[in-house]
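Q: need the 3D shape of this:
(chains A and B)
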Amino acid sequence: ETGVTQTPRHLVMGMTNKKSLKCEQHLGHNAMYWYKQSAKKPLELMFVYSLEERVENNSVPSRFSPECPNSSHLFLHLHTLQPEDSALYLCASSQVGEEETQYFGPGTRLLVL
Amino acid sequence: TQLLEQSPQFLSIQEGENLTVYCNSSSVFSSLQWYRQEPGEGPVLLVTVVTGGEVKKLKRLTFQFGDARKDSSLHITAAQPGDTGLYLCAGLHASGGSYIPTFGRGTSLIVHP
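A: As a prediction, this is how the structure comes out:
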């Protein structure tokens, strides 16, 4: 238990569906991250929110839309995804200005049909 | 783009053997981290190395940061089945007041009893 929870743990969706992934951190951190983990690829940083403001967006397609309503919650809204978007989506949090240790959630395993 | 190359990609050994995993880059990093990820879970931080030439020990695990802060190695002595997992290295670089990690592809380790 790392203090970061993600729901759902597994998700199957069609290309026309709209779904949202949720992440919650109970560590009092001020930065949250979304990563994509695919087989045979490095962990890819998608979005970074620091103090509830988006500070990094690594050329992620617009079919992925993040939302950070407060420092404890992070969402990833999904719409019209492609099969190649199937992956493990990991959320992480950290405290900016300190050791920068990232605490990861268990991830959401997404399958796009 | 800062890339981290990890080798080997896969490693399957018997309990009691020693092993070394390498993480190399052409870029200089502020610090470097090693994570371990078990199936169905997110990565968990093992260690952060900051100073060039630094060596840190964590029980049977020895971590070394290269003098030029471009590479690192992880050595496991007398591996045990509980060491099985995906080992990820991540180089940290400063971005907008925060430190953003760049991950390698990982080394998948299986230790057979």
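
Q: give me the phi and psi for B:P81.
A: Dihedral angles of B:P81 (phi, psi; degrees, to the nearest 10) stand at phi -50, psi -30.

Q: just list the residues touching it, thanks.
A: B:15, B:111-113 (C-beta atoms under 8 Å, 6 or more residues apart in numbering or on different chains). Every C-beta, even on glycine, is put in place using the N, C-alpha and C of the backbone.

Q: turn those residues into TSV, columns for distance to B:V49.
A: Formatted as TSV, the contacts of B:P81 follow (distance: C-beta to C-beta, whole Å):
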residue	distance to B:V49
B:E15	27
B:V111	24
B:H112	29
B:P113	31
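
Q: please pick the buried ones from the residues you listed.
A: For the contacts of B:P81, a burial check counting by 16 or more other C-beta atoms under 10 Å in any protein chain shown picks out B:V111.

Q: what's the closest non-adjacent residue to the residue of chain B found nearest chain A?
A: Closest contact between chain B and chain A, by C-beta to the nearest C-beta, is at B:G42 (2.9 Å). In space, and not counting its chain neighbours, B:G42 is closest to A:F104: 2.9 Å by C-beta to C-beta, 6 or more residues apart in numbering or on different chains.

Q: partner residues bridging that neighbour?
A: Beta-bridge pairing of A:F104 under DSSP bridges involves A:A92.

Q: distance check, it against A:V12.
A: According to C-beta to C-beta, to the nearest Å, A:F104 stands 22 Å off from A:V12.

Q: residue boundaries of the strands in chain A?
A: With DSSP state E as the criterion, chain A has strands at A:4-7, A:10-13, A:18-25, A:31-37, A:44-50, A:53-57, A:64-70, A:73-79, A:87-94, A:103-104, A:108-112.

Q: who touches the shortest one?
A: This points to strand A:103-104. Contacts of strand A:103-104 (C-beta under 8 Å, 6+ apart): A:2-4, A:25, A:27, A:29, A:35, A:90-94, B:41-45.

Q: need the residues that contact the helix or strand of chain B with the lowest mean pLDDT.
A: The helix or strand of chain B with the poorest confidence is strand B:98-103; it has a mean of 82 (mean pLDDT, DSSP states H and E). Strand B:98-103 is contacted from outside by A:31, A:42-43, A:45, A:48, A:50, A:55-56, A:94, A:96, A:100, A:102, B:2-4, B:29-31, B:33, B:88-94, using C-beta under 8 Å, 6+ apart.

Q: and stretch A:69-76, does that touch chain B?
A: No - applying C-beta under 8 Å from any C-beta of the partner chain, one finds stretch A:69-76 separated from chain B by no less than 13.8 Å.

Q: endpoint to endpoint, that stretch covers what distance?
A: The straight-line separation of the ends of stretch A:69-76 (C-alpha to C-alpha, to the nearest Å) is 12 Å.

Q: again, but for stretch A:91-101
A: Distance across stretch A:91-101, first residue to last, is 13 Å (C-alpha to C-alpha).

Q: quick one: buried residues of it?
A: A:91-94, A:96, A:100.

Q: before we move on, what about stretch B:40-57?
A: Buried residues in stretch B:40-57, counting neighbours by 16+ other C-beta under 10 Å, are found at B:41-49, B:54.

Q: low-scoring stretches of the chain, by residue?
A: Using chain A. Applying pLDDT under 70 to chain A flags the ranges A:1, A:56-58, A:98-99.

Q: try chain B instead
A: Along chain B, the parts satisfying pLDDT under 70 run over B:1-2, B:95-97.

Q: wait, isn't A:C23 in contact with A:Y33?
A: No - here A:C23 does not reach A:Y33: they are 9.1 Å apart, not a contact under C-beta atoms under 8 Å.
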